[in-house]
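Trainee: quick one, what's the 3D model for this:
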Amino acid sequence: MNSSDDDNGGGDSGDEPPSSPSNSSSSSDSDSSKSEKDRRNHRKKHKQRKKEKKALEKFKPREPFKWDGTPDLDLFDTWTFEVDTYRELTGLSDRIVLKMMVNFMTGKPRSFFMKHVATHQKEWNTKLLYEALFDYCFPEDFKSELRDNLMSAKQDKQRVRDFVRDLENLAERFPDVTQRQIIGIFWKGIHQYLRLYLIDKGFSPETTKLKRLVKYAARHEKAH
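Mentor: Predicted coordinates for the structure are as follows:
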């Protein structure tokens with residue numbers, strides 16, 4: 001009897017029961033279903049890429065306009081965007097587009113290209129050329145003014161999402177400016193009632209991510 005009781009007690013002492021065949025089968029079916037879903041998504045994306053590629057083969061992208069070196073930030077940004085878009089749509093390599101860029105500029109930028117880039121193309125790429133042309137064509141103190149504008153940016157009449165987008169675009173010109181600094185600028189620059197709301201929610205520029213701050217500030221702005 002004692003032996004029987006001990007055996008029964010041992011069976012209840014906490015050993016986990018083995019998985020039933022139905023559980024194993026259910027897990028296997030779930031994995032199989034997930035795998036099939038992944039395959040369908042992959043086929044769908046592949047089909048979409050082929051469709052886009054076929055459409056692009058019939059589409060001839062318009063060449064970027066010719067920038068003459070005018071120190072206008074919006075104009076310069078539009079030009080670099082058009083060059084990047086042209087490269088993406090044509091599927092050309094950065095090296096080939098760099099060679100072609102002399103056709104997308106006149107005046108001062110073209111002179112710079114022929115003097116510094118044309119015979120040393122292995123040392124350049126489009127991003128480096130953008131930076132060099134910016135320094136070459138814009139006034140010396142222009143970048144300093146941009147940095148000052150970034151560091152002291154205010155929301156004023158802008159919507160929250162427009163304000164943060166301008167901050168991020170401006171910050172791209174300064175690789176040394178960290179994400180945490182951008183958050184600090186955003187925090188100081190938004191309207192006081194939004195900042196107080198974020199504080200009341202327990203958020204802080206030292207610990208909260210920018211995306212979360214923007215989400216809640218924009219939501220409160222809309223409701224205000």
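Trainee: list the contacts of the residue nearest the centre of the chain.
Mentor: The structure's the chain has its C-alpha centroid closest to E168; by CA atoms, centre = their mean the separation is 10.0 Å. By CB atoms under 8 Å, 6 or more residues apart in numbering, E168 lies in contact with I182. Every C-beta, even on glycine, is put in place using the N, C-alpha and C of the backbone.
Trainee: next, it: phi, psi?
Mentor: Per-residue torsions, E168: phi -70, psi -40 (degrees, to the nearest 10).
Trainee: separation between it and H46?
Mentor: From E168 over to H46 the distance is 33 Å, taken as CB to CB, to the nearest Å.
Trainee: what about K209, neighbour count?
Mentor: Counted with other CB atoms under 10 Å, the neighbours of K209 add up to 12.
Trainee: my bad, should have said W187
Mentor: Neighbour number of W187 under other CB under 10 Å is 20.
Trainee: which stretches of the protein form helices?
Mentor: 2-11, 21-58, 73-90, 94-100, 107-112, 126-137, 142-151, 160-171, 179-189, 192-200, 210-223 (DSSP state H).
Trainee: can I get the shortest one in CSV? Just the C-alpha atoms.
Mentor: Taking only C-alpha atoms (Å, rounded to 0.1, in the frame of the first residue of the first chain), the coordinates of helix 107-112 have been written out as CSV:
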residue,chain,number,x,y,z
GLY,A,107,27.7,78.2,-64.1
LYS,A,108,29.4,77.9,-60.7
PRO,A,109,28.4,74.2,-60.0
ARG,A,110,29.6,73.1,-63.4
SER,A,111,32.9,74.9,-63.0
PHE,A,112,33.4,73.2,-59.7
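Trainee: give the buried residues for it.
Mentor: Within helix 107-112, the residues that count as buried by 16 or more other CB atoms under 10 Å are 108-110, 112.
Trainee: turn those into CSV, including distance to I183.
Mentor: Shown next, in CSV, are those (distance: CB to CB, whole Å):
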residue, distance to I183
K108, 37
P109, 35
R110, 40
F112, 36
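Trainee: out of those residues, which is nearest to I182?
Mentor: Ranked by distance to I182 (CB to CB), these are led by P109 at 29.7 Å.
Trainee: that closest one against D68, yeah?
Mentor: Yes: in this structure, P109 is within contact of D68 by CB atoms under 8 Å, at 7.2 Å.
Trainee: returning to that earlier point: redo the buried residues of helix 107-112 as TSV? Include pLDDT.
Mentor: Shown next, in TSV, are the buried residues of helix 107-112 (pLDDT from 0 to 100):
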residue	pLDDT
K108	97
P109	97
R110	97
F112	97
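Trainee: list just the nearest of those residues to P205.
Mentor: Among the buried residues of helix 107-112, and counting by CB to CB, the member closest to P205 is P109, at 39.3 Å.
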